[in-house]
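Peer 1: I'll drop the sequence and a predicted model, then ask my questions.
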Amino acid sequence: MTTVSEHKAKQEFPKCNLPWDKIRDRVTKARVKLLLQHPFFGNLATRLKIIDATDRIPTAAVDGRNLFINRDFVHALTDGELMFLIAHEVMHCVFEHMIRRGEREPQVWNMAGDYVINLILERDKIGDVIRKVDILLDRKYADKTTDEVYNDLMANAVTIKMPLDVHLDMTGDGKGGGDATVTVLGGKSLTEEERKALQDEIKNAVLQSAQAAGAGKVPAAVQRMIQELTQPKLNWKDLLRIQLESLIRNDYSFTRPSRKGWHTGAILPGMLPGEEVEVHVAIDMSGSISDQMALEFLSEVKGIMDNYDAYNIRVWCFDTEIYSDQTFTSDDGDDIRTYKPVGGGGTDFMANWEYMRKQDIMPKQLVVFTDGFPYGSWGDKDYCDTLWIINSGSDITAPFGVTVQYEH
(Lines give C-alpha, C1' and ligand atoms only; values in the text may rest on other atoms or scores of the structure.)
Protein backbone atom coordinates (compact mmCIF):
# COMPACT_ATOMS: atom_id res chain seq x y z
CA MET A 1 0.00 0.00 0.00
CA THR A 2 1.04 3.61 -0.32
CA THR A 3 0.48 6.20 2.35
CA VAL A 4 0.54 9.97 2.26
CA SER A 5 1.59 11.65 5.48
CA GLU A 6 -0.62 14.50 6.60
CA HIS A 7 1.04 14.95 9.94
CA LYS A 8 0.47 18.52 10.94
CA ALA A 9 2.96 20.65 12.76
CA LYS A 10 2.60 20.26 16.50
CA GLN A 11 -0.33 22.35 17.62
CA GLU A 12 0.56 24.98 20.16
CA PHE A 13 -1.71 25.70 23.10
CA PRO A 14 -1.61 28.79 25.32
CA LYS A 15 1.02 28.30 27.98
CA CYS A 16 -0.44 27.30 31.33
CA ASN A 17 1.10 29.23 34.21
CA LEU A 18 -0.74 27.32 36.91
CA PRO A 19 1.39 25.25 39.30
CA TRP A 20 1.55 21.52 38.62
CA ASP A 21 -0.47 20.75 41.76
CA LYS A 22 -3.44 22.67 40.36
CA ILE A 23 -3.32 20.77 37.05
CA ARG A 24 -2.92 17.43 38.79
CA ASP A 25 -5.87 18.24 41.08
CA ARG A 26 -8.00 19.01 38.03
CA VAL A 27 -7.10 15.66 36.45
CA THR A 28 -7.88 13.95 39.76
CA LYS A 29 -11.30 15.63 39.95
CA ALA A 30 -12.05 14.51 36.39
CA ARG A 31 -11.20 10.94 37.42
CA VAL A 32 -13.59 11.21 40.36
CA LYS A 33 -16.35 12.36 38.00
CA LEU A 34 -15.63 9.35 35.82
CA LEU A 35 -15.77 7.11 38.86
CA LEU A 36 -19.19 8.47 39.81
CA GLN A 37 -20.72 8.72 36.34
CA HIS A 38 -18.90 5.96 34.44
CA PRO A 39 -17.42 3.61 37.06
CA PHE A 40 -15.76 1.22 34.63
CA PHE A 41 -13.59 4.02 33.22
CA GLY A 42 -13.15 5.69 36.60
CA ASN A 43 -11.93 2.54 38.34
CA LEU A 44 -9.29 1.99 35.69
CA ALA A 45 -8.29 5.66 35.62
CA THR A 46 -7.59 5.77 39.35
CA ARG A 47 -4.85 3.15 39.04
CA LEU A 48 -2.80 5.35 36.66
CA LYS A 49 -0.17 7.65 38.15
CA ILE A 50 -0.42 11.21 36.77
CA ILE A 51 2.90 12.43 35.32
CA ASP A 52 3.77 15.92 34.02
CA ALA A 53 5.34 15.42 30.57
CA THR A 54 4.74 18.90 29.16
CA ASP A 55 8.27 19.21 27.80
CA ARG A 56 8.12 15.83 26.06
CA ILE A 57 4.66 15.32 24.52
CA PRO A 58 2.08 17.65 22.91
CA THR A 59 -1.09 16.13 24.40
CA ALA A 60 -1.14 12.90 26.46
CA ALA A 61 0.13 9.33 26.53
CA VAL A 62 -0.17 6.16 28.60
CA ASP A 63 2.07 3.16 29.22
CA GLY A 64 -0.28 0.91 31.18
CA ARG A 65 0.69 2.26 34.59
CA ASN A 66 1.24 5.99 34.11
CA LEU A 67 -0.83 8.78 32.55
CA PHE A 68 1.48 11.34 30.93
CA ILE A 69 -0.02 14.76 30.20
CA ASN A 70 0.93 18.06 28.65
CA ARG A 71 -0.34 20.66 31.12
CA ASP A 72 -0.90 23.29 28.39
CA PHE A 73 -3.16 20.89 26.50
CA VAL A 74 -5.06 19.80 29.60
CA HIS A 75 -5.55 23.42 30.68
CA ALA A 76 -7.12 24.16 27.27
CA LEU A 77 -9.75 21.41 27.65
CA THR A 78 -13.18 21.76 29.20
CA ASP A 79 -14.03 19.49 32.13
CA GLY A 80 -16.05 17.24 29.82
CA GLU A 81 -13.23 17.06 27.28
CA LEU A 82 -10.77 16.18 30.04
CA MET A 83 -12.98 13.26 31.06
CA PHE A 84 -13.00 12.15 27.41
CA LEU A 85 -9.19 12.37 27.28
CA ILE A 86 -8.68 10.32 30.43
CA ALA A 87 -11.16 7.68 29.25
CA HIS A 88 -9.35 7.63 25.88
CA GLU A 89 -6.05 6.83 27.60
CA VAL A 90 -7.74 4.19 29.77
CA MET A 91 -9.02 2.43 26.67
CA HIS A 92 -5.55 2.26 25.17
CA CYS A 93 -4.67 0.23 28.29
CA VAL A 94 -7.80 -1.93 28.03
CA PHE A 95 -6.99 -2.86 24.42
CA GLU A 96 -3.23 -3.14 25.15
CA HIS A 97 -2.38 -0.97 22.16
CA MET A 98 1.07 -0.13 23.51
CA ILE A 99 2.20 -3.75 23.86
CA ARG A 100 0.61 -5.71 21.01
CA ARG A 101 1.41 -3.79 17.83
CA GLY A 102 3.87 -6.44 16.72
CA GLU A 103 5.05 -5.99 13.13
CA ARG A 104 2.12 -3.82 12.09
CA GLU A 105 2.73 -0.45 10.43
CA PRO A 106 2.97 1.87 13.45
CA GLN A 107 1.13 4.95 12.20
CA VAL A 108 -1.78 2.93 10.78
CA TRP A 109 -2.01 0.90 14.01
CA ASN A 110 -2.17 4.16 15.97
CA MET A 111 -4.98 5.45 13.78
CA ALA A 112 -6.93 2.21 14.09
CA GLY A 113 -6.77 2.36 17.88
CA ASP A 114 -8.07 5.93 17.97
CA TYR A 115 -10.94 5.20 15.56
CA VAL A 116 -12.14 2.36 17.80
CA ILE A 117 -11.75 4.21 21.09
CA ASN A 118 -13.29 7.52 20.01
CA LEU A 119 -16.38 5.82 18.64
CA ILE A 120 -16.90 3.94 21.90
CA LEU A 121 -16.56 7.11 23.98
CA GLU A 122 -18.84 9.13 21.71
CA ARG A 123 -21.52 6.44 21.64
CA ASP A 124 -21.46 5.89 25.41
CA LYS A 125 -21.34 9.65 26.08
CA ILE A 126 -18.17 9.54 28.15
CA GLY A 127 -17.47 13.21 28.77
CA ASP A 128 -17.51 15.54 25.77
CA VAL A 129 -15.86 14.78 22.43
CA ILE A 130 -12.67 16.83 22.20
CA ARG A 131 -12.87 19.73 19.74
CA LYS A 132 -9.56 21.45 20.54
CA VAL A 133 -7.82 19.15 18.07
CA ASP A 134 -9.11 17.04 15.20
CA ILE A 135 -9.78 13.50 16.35
CA LEU A 136 -10.38 10.35 14.32
CA LEU A 137 -14.09 9.51 14.07
CA ASP A 138 -15.68 7.41 11.34
CA ARG A 139 -18.93 5.58 12.06
CA LYS A 140 -18.22 2.91 9.48
CA TYR A 141 -15.87 1.46 12.10
CA ALA A 142 -18.61 1.05 14.72
CA ASP A 143 -18.34 -2.31 16.53
CA LYS A 144 -15.02 -3.10 14.86
CA THR A 145 -11.91 -4.25 16.69
CA THR A 146 -8.60 -2.42 16.37
CA ASP A 147 -7.27 -5.30 14.29
CA GLU A 148 -10.23 -5.14 11.90
CA VAL A 149 -9.92 -1.37 11.47
CA TYR A 150 -6.18 -1.72 10.88
CA ASN A 151 -6.75 -4.29 8.15
CA ASP A 152 -9.32 -2.03 6.48
CA LEU A 153 -6.99 0.98 6.59
CA MET A 154 -4.12 -1.04 5.16
CA ALA A 155 -6.31 -2.35 2.33
CA ASN A 156 -7.41 1.12 1.26
CA ALA A 157 -4.23 3.15 0.78
CA VAL A 158 -5.08 5.29 3.78
CA THR A 159 -3.89 8.84 4.25
CA ILE A 160 -1.92 9.01 7.48
CA LYS A 161 -3.52 11.28 10.07
CA MET A 162 -2.53 12.29 13.56
CA PRO A 163 -4.19 10.52 16.49
CA LEU A 164 -5.36 12.47 19.51
CA ASP A 165 -2.43 11.46 21.68
CA VAL A 166 1.10 10.10 21.66
CA HIS A 167 1.16 6.32 21.22
CA LEU A 168 3.99 4.43 22.87
CA ASP A 169 5.54 1.21 21.61
CA MET A 170 6.51 -0.66 24.76
CA THR A 171 8.00 -3.69 23.01
CA GLY A 172 10.08 -2.39 20.12
CA ASP A 173 13.41 -0.61 19.89
CA GLY A 174 11.85 2.81 19.35
CA LYS A 175 12.71 2.85 15.64
CA GLY A 176 9.45 1.59 14.26
CA GLY A 177 8.06 4.90 13.04
CA GLY A 178 5.48 5.43 15.77
CA ASP A 179 4.55 8.79 17.21
CA ALA A 180 6.99 8.43 20.06
CA THR A 181 9.12 5.94 21.91
CA VAL A 182 9.15 5.01 25.54
CA THR A 183 12.59 6.57 25.89
CA VAL A 184 10.99 9.95 25.23
CA LEU A 185 9.25 9.52 28.59
CA GLY A 186 12.25 8.16 30.42
CA GLY A 187 11.36 4.48 30.15
CA LYS A 188 12.62 1.49 28.21
CA SER A 189 11.25 -1.24 26.00
CA LEU A 190 9.81 -4.19 27.88
CA THR A 191 11.25 -7.67 27.86
CA GLU A 192 8.90 -10.51 26.96
CA GLU A 193 8.52 -11.38 30.64
CA GLU A 194 7.75 -7.76 31.56
CA ARG A 195 5.26 -7.48 28.72
CA LYS A 196 3.44 -10.59 29.91
CA ALA A 197 3.36 -9.25 33.46
CA LEU A 198 1.88 -5.94 32.28
CA GLN A 199 -0.72 -7.77 30.19
CA ASP A 200 -1.76 -9.84 33.20
CA GLU A 201 -1.96 -6.74 35.36
CA ILE A 202 -4.16 -4.94 32.82
CA LYS A 203 -6.43 -7.95 32.30
CA ASN A 204 -7.00 -8.29 36.00
CA ALA A 205 -7.71 -4.56 36.36
CA VAL A 206 -10.26 -4.75 33.53
CA LEU A 207 -11.99 -7.74 35.12
CA GLN A 208 -12.15 -6.05 38.51
CA SER A 209 -13.34 -2.72 37.08
CA ALA A 210 -16.09 -4.45 35.11
CA GLN A 211 -17.17 -6.27 38.25
CA ALA A 212 -17.23 -3.02 40.24
CA ALA A 213 -19.15 -1.16 37.52
CA GLY A 214 -21.88 -3.77 37.29
CA ALA A 215 -24.00 -5.08 34.44
CA GLY A 216 -24.88 -2.67 31.65
CA LYS A 217 -22.12 -0.17 32.49
CA VAL A 218 -19.27 -1.71 30.52
CA PRO A 219 -18.76 -0.95 26.80
CA ALA A 220 -19.97 -3.78 24.55
CA ALA A 221 -16.50 -4.20 23.03
CA VAL A 222 -15.02 -4.67 26.48
CA GLN A 223 -17.76 -7.11 27.46
CA ARG A 224 -16.86 -9.23 24.44
CA MET A 225 -13.20 -9.08 25.41
CA ILE A 226 -13.98 -10.13 28.99
CA GLN A 227 -16.05 -13.05 27.70
CA GLU A 228 -13.09 -14.17 25.61
CA LEU A 229 -10.76 -13.79 28.60
CA THR A 230 -12.85 -16.01 30.82
CA GLN A 231 -13.68 -18.70 28.26
CA PRO A 232 -11.85 -22.04 28.39
CA LYS A 233 -9.04 -20.88 26.06
CA LEU A 234 -7.75 -19.08 29.16
CA ASN A 235 -7.73 -22.07 31.51
CA TRP A 236 -8.26 -21.93 35.23
CA LYS A 237 -4.55 -22.10 36.02
CA ASP A 238 -3.80 -19.09 33.80
CA LEU A 239 -6.64 -17.02 35.25
CA LEU A 240 -5.69 -17.96 38.82
CA ARG A 241 -2.12 -16.85 38.11
CA ILE A 242 -3.30 -13.56 36.56
CA GLN A 243 -5.51 -12.76 39.56
CA LEU A 244 -2.97 -13.63 42.24
CA GLU A 245 0.10 -12.16 40.55
CA SER A 246 -1.74 -8.90 39.91
CA LEU A 247 -2.65 -8.76 43.60
CA ILE A 248 0.98 -9.44 44.51
CA ARG A 249 2.32 -6.77 42.15
CA ASN A 250 0.15 -4.20 43.86
CA ASP A 251 1.95 -4.93 47.13
CA TYR A 252 5.57 -5.74 46.35
CA SER A 253 8.63 -3.65 45.70
CA PHE A 254 12.28 -4.34 45.01
CA THR A 255 13.43 -2.16 47.92
CA ARG A 256 13.74 -5.19 50.23
CA PRO A 257 15.30 -8.22 48.51
CA SER A 258 13.66 -11.58 48.98
CA ARG A 259 15.49 -13.97 51.31
CA LYS A 260 14.70 -16.77 48.87
CA GLY A 261 16.99 -15.25 46.25
CA TRP A 262 20.10 -14.81 48.38
CA HIS A 263 21.65 -18.21 47.70
CA THR A 264 21.01 -17.97 43.94
CA GLY A 265 22.25 -14.44 43.40
CA ALA A 266 18.80 -13.50 42.06
CA ILE A 267 16.71 -10.72 43.57
CA LEU A 268 13.09 -11.71 43.94
CA PRO A 269 10.52 -9.07 44.81
CA GLY A 270 9.99 -8.41 48.49
CA MET A 271 6.88 -7.00 50.09
CA LEU A 272 6.47 -3.42 51.15
CA PRO A 273 7.53 -2.98 54.79
CA GLY A 274 5.06 -4.55 57.20
CA GLU A 275 2.94 -6.10 54.44
CA GLU A 276 2.39 -9.55 53.02
CA VAL A 277 0.05 -10.91 50.41
CA GLU A 278 -3.04 -12.63 51.79
CA VAL A 279 -5.09 -15.01 49.69
CA HIS A 280 -8.18 -16.74 51.06
CA VAL A 281 -9.29 -20.06 49.59
CA ALA A 282 -12.65 -21.79 50.14
CA ILE A 283 -13.08 -25.38 48.89
CA ASP A 284 -16.56 -26.80 48.36
CA MET A 285 -16.48 -30.34 49.78
CA SER A 286 -20.16 -31.12 49.30
CA GLY A 287 -19.34 -34.18 47.21
CA SER A 288 -18.33 -33.18 43.67
CA ILE A 289 -14.82 -31.96 44.50
CA SER A 290 -12.49 -34.89 45.12
CA ASP A 291 -9.47 -34.79 47.39
CA GLN A 292 -7.26 -35.14 44.30
CA MET A 293 -8.88 -32.10 42.65
CA ALA A 294 -8.44 -30.09 45.84
CA LEU A 295 -4.77 -31.11 45.99
CA GLU A 296 -4.17 -30.04 42.37
CA PHE A 297 -5.89 -26.74 43.02
CA LEU A 298 -3.91 -26.03 46.22
CA SER A 299 -0.66 -27.05 44.54
CA GLU A 300 -1.30 -24.47 41.83
CA VAL A 301 -1.89 -21.77 44.44
CA LYS A 302 1.31 -22.77 46.25
CA GLY A 303 3.34 -22.75 43.02
CA ILE A 304 2.32 -19.15 42.32
CA MET A 305 2.92 -17.91 45.85
CA ASP A 306 6.29 -19.64 46.22
CA ASN A 307 7.76 -17.15 43.76
CA TYR A 308 7.41 -14.40 46.36
CA ASP A 309 8.95 -13.68 49.70
CA ALA A 310 6.06 -12.92 52.04
CA TYR A 311 2.66 -14.55 51.69
CA ASN A 312 -0.20 -15.85 53.77
CA ILE A 313 -2.61 -18.45 52.38
CA ARG A 314 -5.69 -19.10 54.49
CA VAL A 315 -7.73 -22.10 53.37
CA TRP A 316 -10.90 -23.73 54.64
CA CYS A 317 -13.49 -26.24 53.42
CA PHE A 318 -17.23 -25.79 53.42
CA ASP A 319 -20.52 -27.54 52.78
CA THR A 320 -23.21 -26.07 55.03
CA GLU A 321 -20.54 -25.17 57.61
CA ILE A 322 -16.86 -24.22 57.65
CA TYR A 323 -14.21 -26.85 58.41
CA SER A 324 -10.45 -27.10 58.80
CA ASP A 325 -9.51 -23.41 58.69
CA GLN A 326 -5.71 -23.38 58.36
CA THR A 327 -3.12 -20.80 57.43
CA PHE A 328 0.09 -21.41 55.49
CA THR A 329 2.78 -18.72 55.31
CA SER A 330 6.11 -18.20 53.60
CA ASP A 331 7.90 -18.55 56.93
CA ASP A 332 6.28 -21.48 58.75
CA GLY A 333 7.65 -24.24 56.53
CA ASP A 334 4.32 -26.07 56.36
CA ASP A 335 3.41 -27.52 52.98
CA ILE A 336 -0.12 -26.68 51.85
CA ARG A 337 -0.16 -29.96 49.94
CA THR A 338 -0.48 -31.77 53.28
CA TYR A 339 -3.84 -30.08 53.87
CA LYS A 340 -6.65 -32.59 54.44
CA PRO A 341 -10.04 -31.53 52.97
CA VAL A 342 -13.04 -32.09 55.27
CA GLY A 343 -16.76 -32.04 54.53
CA GLY A 344 -19.37 -33.84 52.50
CA GLY A 345 -22.81 -32.40 53.25
CA GLY A 346 -24.98 -30.00 51.25
CA THR A 347 -23.77 -26.74 49.71
CA ASP A 348 -24.40 -23.38 51.38
CA PHE A 349 -22.20 -20.74 49.76
CA MET A 350 -23.43 -18.09 52.18
CA ALA A 351 -21.72 -20.00 55.00
CA ASN A 352 -18.41 -18.55 53.74
CA TRP A 353 -19.58 -14.96 54.01
CA GLU A 354 -21.20 -15.47 57.39
CA TYR A 355 -17.97 -17.04 58.63
CA MET A 356 -15.83 -14.20 57.28
CA ARG A 357 -18.02 -11.60 58.97
CA LYS A 358 -17.92 -13.42 62.32
CA GLN A 359 -14.14 -13.86 62.11
CA ASP A 360 -13.62 -10.29 60.87
CA ILE A 361 -11.98 -11.60 57.68
CA MET A 362 -11.80 -9.16 54.75
CA PRO A 363 -9.93 -10.85 51.88
CA LYS A 364 -8.17 -8.93 49.16
CA GLN A 365 -8.94 -11.96 47.01
CA LEU A 366 -11.26 -14.86 47.77
CA VAL A 367 -10.91 -17.95 45.56
CA VAL A 368 -13.80 -20.42 45.69
CA PHE A 369 -13.36 -23.91 44.23
CA THR A 370 -16.84 -25.39 43.76
CA ASP A 371 -19.25 -27.35 41.57
CA GLY A 372 -21.38 -24.23 41.16
CA PHE A 373 -24.59 -25.66 42.62
CA PRO A 374 -25.42 -23.70 45.77
CA TYR A 375 -28.45 -24.25 47.91
CA GLY A 376 -29.81 -20.71 47.87
CA SER A 377 -27.59 -17.62 47.60
CA TRP A 378 -24.19 -17.49 45.93
CA GLY A 379 -22.97 -15.09 48.62
CA ASP A 380 -22.38 -11.37 49.08
CA LYS A 381 -21.28 -9.75 45.80
CA ASP A 382 -20.16 -6.55 47.53
CA TYR A 383 -18.00 -8.11 50.24
CA CYS A 384 -14.75 -8.80 48.41
CA ASP A 385 -13.22 -9.68 45.03
CA THR A 386 -14.14 -13.27 44.26
CA LEU A 387 -12.70 -15.72 41.73
CA TRP A 388 -14.90 -18.79 41.12
CA ILE A 389 -13.27 -21.95 39.80
CA ILE A 390 -16.19 -24.19 38.87
CA ASN A 391 -16.04 -27.93 38.30
CA SER A 392 -19.40 -29.00 36.92
CA GLY A 393 -18.99 -30.06 33.29
CA SER A 394 -21.41 -27.28 32.34
CA ASP A 395 -21.19 -23.57 31.52
CA ILE A 396 -22.32 -22.30 34.91
CA THR A 397 -21.32 -18.68 35.54
CA ALA A 398 -21.45 -17.09 38.97
CA PRO A 399 -23.67 -13.99 39.23
CA PHE A 400 -20.74 -11.89 40.46
CA GLY A 401 -16.98 -12.00 40.50
CA VAL A 402 -14.94 -13.77 37.83
CA THR A 403 -15.79 -17.33 36.74
CA VAL A 404 -13.59 -19.88 35.01
CA GLN A 405 -14.24 -23.57 34.39
CA TYR A 406 -12.01 -26.13 36.07
CA GLU A 407 -10.43 -28.53 33.59
CA HIS A 408 -8.48 -31.62 34.60
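Peer 2: Done, it's in. Quick caveat, the model's predicted, so the values are computed rather than measured.

Peer 1: ok, the closest residue to Phe95 other than its chain neighbours - contacts?
Peer 2: Spatial nearest neighbour of Phe95, chain neighbours left out: Thr146 (5.8 Å); criterion: CB to CB, 6 or more residues apart in numbering. All C-beta atoms are positioned from the backbone trio N, CA, C, and that covers glycine. By CB atoms under 8 Å, 6 or more residues apart in numbering, the contact set of Thr146 is 95, 97, 109, 112-113, 116.

Peer 1: out of these, who's the most crowded?
Peer 2: Highest neighbour count within the contacts of Thr146: Ala112, with 28 neighbours (other CB atoms under 10 Å).

Peer 1: do I have it right that that one meets Val158?
Peer 2: No - contact criterion CB atoms under 8 Å: Ala112 and Val158 do not qualify, at 9.5 Å.

Peer 1: I'd guessed Val281 sits against Val301; true?
Peer 2: Yes - checked against CB under 8 Å, the pair Val281 and Val301 is within contact range at 6.4 Å.

Peer 1: quick check: neighbours shared by those two?
Peer 2: Here Val281 and Val301 share the contacting residues 313, 367, scored by CB under 8 Å, 6+ apart.

Peer 1: quick one: which of the two has more around it?
Peer 2: Val281 (24 against 21).

Peer 1: and Ala155, backbone torsions?
Peer 2: Main-chain torsions, Ala155, degrees, to the nearest 10: phi -80, psi -10.

Peer 1: neighbouring contacts of stretch 43-53?
Peer 2: For stretch 43-53, using CB under 8 Å, 6+ apart, the contacting residues are 20, 23-24, 27-28, 31, 34-35, 61-62, 65-71, 86-87, 89-90, 93-94, 185, 205-206, 208-209, 212-213.

Peer 1: which among those residues end up buried?
Peer 2: 23-24, 27, 31, 34-35, 61-62, 66-71, 86-87, 89-90, 93-94, 185, 205-206, 208-209, 212-213 (16 or more other CB atoms under 10 Å).

Peer 1: strands - which of those residues land there?
Peer 2: Counted as lying in strands by DSSP state E, out of the buried ones among the contacts of stretch 43-53, are 61-62, 66-69.

Peer 1: circling back: filter the contacts of Thr146 down to just the ones in helices.
Peer 2: Under the assignment DSSP state H, the contacts of Thr146 contribute 109, 112-113, 116 to helices.

Peer 1: including distance to Lys237 and pLDDT, could those residues go into a markdown table?
Peer 2: Converted to a markdown table, the ones in helices among the contacts of Thr146 look like this (distance: CB to CB, whole Å; pLDDT from 0 to 100):
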| residue | distance to Lys237 | pLDDT |
| --- | --- | --- |
| Trp109 | 31 | 92 |
| Ala112 | 33 | 93 |
| Gly113 | 31 | 93 |
| Val116 | 31 | 94 |
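
Peer 1: element containing Gln223?
Peer 2: Applying DSSP states H and E as the criterion places Gln223 in helix 220-229.

Peer 1: quick one: mean pLDDT over that helix.
Peer 2: What helix 220-229 shows for mean pLDDT is 78.

Peer 1: swap in stretch 134-154?
Peer 2: 90.

Peer 1: list the buried ones in it?
Peer 2: Neighbour-count burial for stretch 134-154, counted by 16+ other CB under 10 Å, picks out 135-136, 141, 144, 146, 149-150, 152-154.

Peer 1: how about stretch 309-327?
Peer 2: 309-319, 322-323.

Peer 1: in helices, which of the residues you listed fall?
Peer 2: By the criterion of DSSP H, membership of these in helices covers no residue at all.

Peer 1: lowest pLDDT pick from the residues you listed?
Peer 2: Here the lowest pLDDT out of the buried residues of stretch 309-327 sits on Asp309, with 70.

Peer 1: these two touch, right, it and Ser330?
Peer 2: Yes - counting by CB under 8 Å, Asp309 touches Ser330, with 6.3 Å between them.

Peer 1: just for the stretch 151-300 of the chain, where's the confidence low?
Peer 2: 157, 171-188, 215, 228-235, 245-276, 287-288 (pLDDT under 70).
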